[in-house]
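Trainee: Sequence and predicted structure below; questions after.
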Number of protein chains: 2
Amino acid sequence: MIASGSLTTVEIENIYGEGACECPSPDSRMTLVFSQAKPFDFVELEQLLQSVGWSHRPIGKVRRALDNSLLKVGLWQHDQKFPRLIGFARCTGDGVLEATVWDVAINPIYQGFGLGKELMTYVKKSLRASGIRRITLFADPGVVDFYKSQGWILEPKGHRCAFWYAN
Amino acid sequence: MIASGSLTTVEIENIYGEGACECPSPDSRMTLVFSQAKPFDFVELEQLLQSVGWSHRPIGKVRRALDNSLLKVGLWQHDQKFPRLIGFARCTGDGVLEATVWDVAINPIYQGFGLGKELMTYVKKSLRASGIRRITLFADPGVVDFYKSQGWILEPKGHRCAFWYAN
């Protein structure tokens, strides 16, 4: 992991856009930043999502899906010249009553340092700030415990997920 | 149930807005219409949702949530003067990759005639037409079989629902 030095709040916003903020880093030489404003390189984003096992989706579709998302957040490893996208999450929803989290990813090289938890904490905080009181997601079996440990209530107790697939 | 006579496609669109279409009716004297365009009376909508057991939500919030929904459909019992809202469903999503169904309701008086199935068929068809290939929802325990019988895959097998509630 590349050392990058620390940044002021103003510098972070200058580079990563309005509202960007530092993410607690497991390594003091590495500066990590959450941003909802910095545009994505869709090839880089696709690589990140595939690195955690999501299946390939056409870039045009992903671009439109992101345009229509309630919230999309990138976790960047800061570098003055080449910031690297190491984490991502997005939500769909109505911005008032319902928000659903999709496409949570931390680059495998950066896993195991609590960054997934930091990312989800950031997502919850951002949605909470906009008045959302309930967030939903569909958890893959491998990450059920990850969400459980962060206060998510895993169903079914009352609910069951349902999926309908087009032929 | 009040007899209403049948309507032409043009008449339906004139009254219920662009794209409105007839819903198969269990009673030939009763005309039922799906509309995504006819505005809701939010008190009437709230009464419908409460009649199926949804908890009360402030009308202002419901209005904003509907404004930000991907799709919202009313099922109307046609009456020239007083069309009655007897069913409702909405979806949030990005319009491309993800769509999630919320607030499905059929007025209890009109239940048992297959209208819930007609409503969900309409929702699936509308989303499918916009290119969506996967639809998700969180089913209450009482309606799990309802969705199962319509080709929905009930999880968890691979997935689990997760809910996070604000304090």
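Mentor: Alright, I've got the coordinates. Here the structure is a predicted model, which is why all the values come from computation and not from measurement. Residues are numbered from 1 along each chain as shown, chains lettered A, B, ... in the order given.
Trainee: alpha carbons only for contacts and neighbour counts from here, please
Mentor: Fine.
Trainee: any idea where the strands of chain A begin and end?
Mentor: Ranges of strands in chain A, per DSSP state E, are A:21-23, A:32-35, A:71-77, A:84-93, A:99-106, A:134-139, A:153-154, A:160-165.
Trainee: just the ones you listed: most buried one?
Mentor: Mean neighbour count (mean count of other C-alpha atoms under 10 Å in any protein chain shown) peaks for strand A:32-35 among the strands of chain A, with a mean of 26.
Trainee: Now that one: average pLDDT?
Mentor: Averaged across strand A:32-35, pLDDT comes to 98.
Trainee: which residues sit against that strand?
Mentor: A:12, A:16-25, A:73-78 (C-alpha atoms under 8 Å, 6 or more residues apart in numbering or on different chains).
Trainee: So what's the gap between the lengthiest helix in chain A and the chain middle?
Mentor: If you go by DSSP state H, chain A has its longest helix at helix A:115-129. In this view, helix A:115-129 has its centroid 8 Å away from the chain centroid, taken as C-alpha atoms, centre = their mean, to the nearest Å.
Trainee: can you list the strands of chain A in CSV and add distance to residue B:162?
Mentor: Output for those, formatted as CSV (distance: least, C-alpha to C-alpha, whole Å):
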stretch, distance to residue B:162
strand A:21-23, 24
strand A:32-35, 23
strand A:71-77, 18
strand A:84-93, 14
strand A:99-106, 10
strand A:134-139, 5
strand A:153-154, 5
strand A:160-165, 9
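Trainee: Residue A:144 versus residue A:151, what's the distance?
Mentor: 11 Å (C-alpha to C-alpha, to the nearest Å).
Trainee: go on, residue A:32?
Mentor: Shown here: residue A:32 relative to residue A:144, a distance of 26 Å by C-alpha to C-alpha.
Trainee: And residue A:22, by the same measure?
Mentor: Counting by C-alpha to C-alpha, the gap from residue A:22 to residue A:144 is 27 Å.
Trainee: And for residue A:73?
Mentor: 21 Å.
Trainee: What of residue A:54?
Mentor: 17 Å.
Trainee: returning to that earlier point: comparing residue A:151 and residue A:144, which residue is more hemmed in?
Mentor: Taking neighbours as other C-alpha atoms under 10 Å in any protein chain shown, residue A:151 and residue A:144 compare with residue A:144 leading, 18 against 12.
Trainee: Show the contacting residues for the more buried one.
Mentor: Going by C-alpha under 8 Å, 6+ apart, residue A:144 touches A:154, B:160.
Trainee: Can you read off the pLDDT for it?
Mentor: Note on residue A:144: pLDDT of 87.
Trainee: which non-adjacent residue is nearest residue A:140?
Mentor: residue B:159 (4.7 Å; C-alpha to C-alpha, 6 or more residues apart in numbering or on different chains).
Trainee: dump the residue contacts of that neighbour.
Mentor: Residue B:159 makes contact with A:138, A:139, A:140, A:141, A:161 under the criterion C-alpha under 8 Å, 6+ apart.
Trainee: The third one and residue B:160 touch, don't they?
Mentor: Yes: between residue A:140 and residue B:160 there is a contact under C-alpha atoms under 8 Å: 6.7 Å.
Trainee: Would you enumerate the residues in contact with the residue positioned nearest the centre of chain A?
Mentor: Centroid-nearest residue in chain A: residue A:89, 2.3 Å away (criterion: C-alpha atoms, centre = their mean). By C-alpha under 8 Å, 6+ apart, the contact list for residue A:89 reads A:72, A:73, A:74, A:101, A:102, A:103, A:104, A:105, A:119, A:123.
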